[in-house]
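Asks: Quick one, fold the following:
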Amino acid sequence: MNFPDFYAEAPVVRTFDPFAATLGAARDGLLDYHYQDAVRLAGHSCPTVAGAFLIGRAALSALYPDGPAERGNIAVHMPAPEDEGTTGVIAQVLTLLTGAAANNGFQGIRGHFRRKGLLTFSQQRETEAIVFTRLDNHASVAVSLDVSPIPTDPSQGERLMAILQDCADDQQRSDFASAWQDRVQRLLLEFADDPRVIRVMPCNVQQ
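Replies: Sure, this is the predicted structure:
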């Protein structure tokens, strides 16, 4: 695989998807999602993509402490419009992990396996936290991301400007890419369970 080696060391998100089980798409309906899957989906690797992957992991772990999480049994509410900033990118990664889709998602079969409408967006910025809710027992958690504890290489701004202006040399491009992925690596391997970075708050729980 043409990926940095540390991708394979990142946490893995295991889910159970009853639709996949029904169709025989995965043995016993078990689907393991790796960081490489999120990178393939997004087409790039950055703190936002890695952070979205960790947000989803934390939410599923909180909602299904005995695991695995049931994919397709979770609603996701984004706290901002879909076209604001990185909201759309994060939402796509969360769709990958949870199955929750917007109005273009799978409509289901006679009321079963519906994914359409499980992903919703606020009409205006509400908070930084994304809300995940189980459909069966309505347990909810709000999860937010703060990557500020992971410092950025101070030379990155200058390197990026040179790249965007098409005047960067090979060394600048290499140094930029290396420093960029180094921050992603630290997020995935050192800060994945750090409550300062991935903040999980319980919401209303109704059994």
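Asks: Which SSE is immediately downstream of the longest helix along the chain?
Replies: Ranked by residue count and defined by DSSP state H, the top helix of the chain is helix 170-189. Under the assignment DSSP states H and E, the closest C-terminal helix or strand after helix 170-189 is strand 198-202.
Asks: Just checking the distance from that following strand to the centre of its chain.
Replies: Distance, stretch centre to chain centre, for strand 198-202: 14 Å (CA atoms, centre = their mean, to the nearest Å).
Asks: Doesn't Q36 belong to a strand?
Replies: No: counting by DSSP: H, G, I helix; E, B strand; the rest coil, Q36 falls outside a strand, being helix.
Asks: returning to what we had before: okay, angle between the longest helix of the chain and strand 198-202 too, please.
Replies: 30 degrees (axes from the mean of the first three to the mean of the last three CA atoms, to 10 degrees).
Asks: Just name whatever secondary elements helix 170-189 is in contact with.
Replies: helix 47-63, helix 156-164 (3 or more CB pairs under 8 Å, 6 or more residues apart in numbering; DSSP states H and E). For every residue, glycine as well, the C-beta is placed using N, CA and C.
Asks: Nearest to I150, out of those?
Replies: Nearest to I150 among the helices and strands packed on helix 170-189 is helix 47-63 (7.4 Å), distances taken as CB to CB.
Asks: pLDDT on the closest one, on average?
Replies: On average, the pLDDT along helix 47-63 is 98.
Asks: Quick one: distance of that helix to the chain centre.
Replies: Per CA atoms, centre = their mean, the centroid offset for helix 47-63 relative to its chain is 5 Å.
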